[in-house]
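Engineer: Coordinates for the following, if possible.
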Amino acid sequence: MFLQKALYISLYLFTASIAILLNPNPDFDNNDGDGARSLAPRGNCLPISNGQGNCNINYCWTGTDGTQYTEAITISGSDGNSNPTSMTTTNSANLYLSGLFNTGYNHWFPLGHECSNDNTEVYTVHRMNNDEDSVAHITDLDCKTCDFGSLICAIQLANANLVAFTNGGAGEVPCASS
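Structural biologist: Numbers count the residues shown, from 1 in each chain. Prediction:
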């Protein structure tokens, strides 16, 4: 019995060492969430600040062509109880508000999900390459503190390692695919 257990343990350790040491494909599979997130180099997702008193929602992702993007949406003029006076983007060629989904106030929010409500959402469109864009949205945004609940996106943006963070102090929030 002792020899049988020793043999099983030896086979287990041998198998585990082969799995760890011999990786036939050192490149990460972009379809695996943990592996995909490891593709985005740390330090490239730096905050963009567009003035004190504004809410800056920073986005960082990798396009399908390997381009690393860091862009931001700035919400100005909202005290959390009122809608903003403006919403701008750092580069509308790479990141812009979705006119298809943001059908509410000034086409900045979905209908019924403005800053004056407690369930604020913002839909954004992200450049993936020269011919393709993908949509994501944040939920439960507080326009005064600039905190939000979650980031929801298509699988394509999940594979692109999309994260969002704000000047409200929240850390990087990876997107959850819808």
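Engineer: what's the following helix or strand after the helix or strand bottoming out on mean pLDDT in the chain?
Structural biologist: Ranked by mean pLDDT, DSSP states H and E, the helix or strand of the chain with the weakest confidence is helix 33-37, at a mean of 39. Going down the chain from helix 33-37, the next helix or strand is strand 55-62, by DSSP states H and E.
Engineer: For that following strand, enumerate the helices and strands it packs against.
Structural biologist: Here strand 55-62 touches strand 68-76, strand 120-129, strand 132-141, strand 163-166, going by 3 or more CB pairs under 8 Å, 6 or more residues apart in numbering; DSSP states H and E. All C-beta atoms are positioned from the backbone trio N, CA, C, and that covers glycine.
Engineer: how about the shortest one: buried residues?
Structural biologist: Which is strand 163-166. Buried positions in strand 163-166, judged by neighbour count with 16 or more other CB atoms under 10 Å: Val163, Ala164, Phe165, Thr166.
Engineer: Equivalent analysis for stretch 60-80, please.
Structural biologist: Going by 16+ other CB under 10 Å, stretch 60-80 has these buried residues: 60-64, 69-76, 78.
Engineer: which regions of this protein sit below the pLDDT cut-off?
Structural biologist: By pLDDT under 70, the low-scoring segments of the chain are 1-31, 33-44, 46-47, 49-53, 168-170.
Engineer: Please repeat the previous calculation with a cut-off of 80.
Structural biologist: Applying pLDDT under 80 to the chain flags residues 1-53, 117-118, 167-171, 178.
Engineer: Make sure Asn161 is actually in contact with Gly63.
Structural biologist: No - Asn161 lies out of contact with Gly63 (CB atoms under 8 Å); the separation is 10.4 Å.
Engineer: re the thing from before, just name the closest of the buried residues of strand 163-166 to Phe101, please.
Structural biologist: Of all the buried residues of strand 163-166, Ala164 has the smallest distance to Phe101: 16.1 Å, by CB to CB.
Engineer: So the residue nearest to that closest one when sequence neighbours are not counted, which state does it fall into?
Structural biologist: Nearest non-adjacent residue to Ala164, counting by CB to CB, 6 or more residues apart in numbering: Leu151, 4.7 Å away. Secondary structure state of Leu151, per DSSP: H, G, I helix; E, B strand; the rest coil, is strand.
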